[in-house]
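Asks: okay, sequence plus prediction incoming.
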Amino acid sequence: MSEQAQPGFELAAPLRADCHVLGRLPLCHVLLMNKAEVPWFILVPETEVIELCDLSVEMQTRLQGEINLLSRFVRGQFEITKLNVAAIGNIVAQMHIHIIGRHPRDPWWPNVAWGQTSAGGYDTARVSEIATRLAEQFGDALQAA
């Protein structure tokens, strides 16, 4: 399978429904899960490849670089104790990587964040604030959504 950016690429419907699209890095779309309990970001590489192991070493390296950038952003911008980084994909097959900042005060600690019911999402002002901070940190590397 090709791992290049796909003409007509679209984010999977469940990701569009559950997240705010914040922008695009050179490889990945950057999403914010609409669960305000924890800083929960998702990177979606623009590829038709589903499994990480099927990416070329070069693309794996580029993806890991973007995971590291976003992980450092989460660690630097939010009060967290632990980063959870995972590519599960049982419900949404499209390759996507979750980067979640966790801390003992979050309502789901120490259990997994996946499948938990949210008390509420982000308001527009908070999404805008997070998007602005992301743009400030990533500069030209982050393109508008």
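Replies: Done, it's in.
Asks: can we go C-alpha only for contacts and neighbour counts from here?
Replies: Noted.
Asks: V44 is in contact with I67, correct?
Replies: No. With contact defined as Cα atoms under 8 Å, I67 does not count as touching V44 (10.3 Å).
Asks: could you tell me which residues touch both of the two?
Replies: Residues touching both I67 and V44 (Cα atoms under 8 Å, 6 or more residues apart in numbering): I97.
Asks: tally of neighbours for R75?
Replies: 17 (other Cα atoms under 10 Å).
Asks: now do the SS call for it.
Replies: Recorded secondary structure, R75: helix (DSSP: H, G, I helix; E, B strand; the rest coil).
Asks: right, and it touches H103 too?
Replies: No. With contact defined as Cα under 8 Å, R75 does not count as touching H103 (11.0 Å).
Asks: for E37, what are its contacts?
Replies: Taking Cα under 8 Å, 6+ apart as the test, what E37 contacts is 106-107, 118-120.
Asks: just list whatever residues bridge to the residue nearest the centre of the chain.
Replies: When Cα atoms, centre = their mean is applied to the chain, the residue found nearest the centroid is I42 (1.4 Å). Beta bridges link I42 to L31, H98 when assigned by DSSP bridges.
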